[in-house]
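**Student:** Would you be able to build a 3D model of this:
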Amino acid sequence: MIGRVSACKVGNGVVIRLRQGMPVVLAGAVVGLAAGCSWIQPSNRVLAEHGESTSPSVGTSSSTSAPAAPSQPAWAAALGAGVVVTAPAAAATPGHDSPGGAALGLLEAEASRTLGRTCAYFPPSDQASCQALISLVPAGRSLETVRNIALGYVAVDGNEALVGITGTICGDDAALACASNDNPAAIFLEAKPFRELWAESVAADISTTAHSYSLAPCVKIGRKWYNYYPLSGGKT
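**Tutor:** Residues are numbered from 1 along each chain as shown. Next up is the predicted model:
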């Protein structure tokens with residue numbers, strides 16, 4: 001996900017760091033939450049720049065026409081056998097039914113300034129500690145702003161997924177630059193195996209200094225998808 005680093009004291013010198021919406025008490029900064037989000041799909045220009053069709057592909061037969069199976073981008077093969085890639089144009093709504101839905105749900109919860117809602121988008125084993133730490137943040141506080149957030153490509157390998165995001169996230173601290181991404185295939189274009197990209201994404205989420213774009217790791221637990229939080233291992 002787009003990396004975020006901002007700082008905010010919540011009282012009596014207590015400082016909370018929130019990485020990808022998940023709070024962690026550290027002697028440092030705060031990775032903030034989001035506000036003012038609007039959901040858009042990538043433009044035809046962006047899709048065209050990265051080799052994606054801006055109109056549906058249709059197959060024909062002697063009697064009827066039916067949609068053809070979507071082709072995979074050239075870099076998808078490098079992810080490894082069995083990895084399923086979903087294009088940015090695929091619909092997703094915030095929720096737990098898909099990895100893209102979990103990522104959007106987290107961003108929507110951050111944007112709402114109801115910080116406690118973010119906890120539902122992390123694995124059940126993390127939710128109690130998330131709520132306890134969120135309770136230290138003043139009600140209605142927004143530590144980040146997000147603009148033009150939308151899904152990029154999503155790669156799924158069994159019960160793990162990497163979600164691409166386009167848009168801009170800015171920290172509450174004016175000294176920190178905004179992190180933006182307008183390429184729905186960013187990082188995937190590096191044509192690396194899924195396991196390597198997964199490790200890089202997890203490392204980016206743990207980082208206390210990164211302020212750059214990274215893919216959002218998600219895990220499936222039971223029948224639901226959650227944003228993966230590496231300190232707990234995302235286990236129930």
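**Student:** rest of the way, CA atoms for contacts and neighbours
**Tutor:** Fine.
**Student:** helices or strands up against the host helix or strand of residue 198?
**Tutor:** According to DSSP states H and E, residue 198 maps onto helix 194-206. In terms of contacts (3 or more Cα pairs under 8 Å, 6 or more residues apart in numbering; DSSP states H and E), helix 194-206 is packed against strand 216-221.
**Student:** hang on, the earlier thing: what is the mean pLDDT for the helix holding residue 198?
**Tutor:** Model confidence over helix 194-206, given as mean pLDDT, is 92.
**Student:** Just the buried residues of that helix, please?
**Tutor:** For helix 194-206, the neighbour count (16 or more other Cα atoms under 10 Å) marks 194, 197-198, 201-202, 204-205 as buried.
**Student:** what angle do the strand ranked longest in the chain and strand 216-221 make?
**Tutor:** Scanning the chain for the longest strand, with DSSP state E as the assignment, gives strand 144-157. Interaxial angle, strand 144-157 versus strand 216-221 (axes from the mean of the first three to the mean of the last three Cα atoms, to 10 degrees): 60 degrees.
**Student:** what's downstream of strand 144-157, the next helix or strand?
**Tutor:** strand 160-171.
**Student:** List the pairing partners of that next one within its sheet, with orientation.
**Tutor:** strand 144-157 (antiparallel), strand 179-181 (antiparallel), strand 216-221 (antiparallel) (DSSP bridges).
**Student:** winner for burial among those?
**Tutor:** strand 216-221 (a mean of 24; mean count of other Cα atoms under 10 Å).
**Student:** Identify the residues contacting the next helix or strand after it?
**Tutor:** Using DSSP H and E, the next helix or strand after strand 216-221 towards the C-terminus is strand 224-227. Residues from elsewhere that reach strand 224-227 (Cα atoms under 8 Å, 6 or more residues apart in numbering): 96-99, 101-103, 106, 121-123, 216-220.
**Student:** Just the CA atoms of the longest strand of the chain, as PDB, please.
**Tutor:** The C-alpha atoms that make up strand 144-157 are tabulated as PDB, following Å, rounded to 0.1, in the frame of the first residue of the first chain:
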ATOM      1  CA  GLU A 144      -3.900  11.600   6.900                       C
ATOM      2  CA  THR A 145      -5.800  12.600   3.800                       C
ATOM      3  CA  VAL A 146      -6.300  10.400   0.800                       C
ATOM      4  CA  ARG A 147      -7.300  11.300  -2.700                       C
ATOM      5  CA  ASN A 148      -8.500   9.400  -5.800                       C
ATOM      6  CA  ILE A 149      -8.000   6.000  -4.200                       C
ATOM      7  CA  ALA A 150      -8.800   3.000  -6.400                       C
ATOM      8  CA  LEU A 151      -7.800  -0.600  -6.900                       C
ATOM      9  CA  GLY A 152      -4.900  -1.500  -9.100                       C
ATOM     10  CA  TYR A 153      -4.000  -5.100 -10.100                       C
ATOM     11  CA  VAL A 154      -4.600  -7.800  -7.500                       C
ATOM     12  CA  ALA A 155      -2.500 -11.100  -7.400                       C
ATOM     13  CA  VAL A 156      -3.900 -14.000  -5.300                       C
ATOM     14  CA  ASP A 157      -1.800 -17.100  -4.300                       C
END
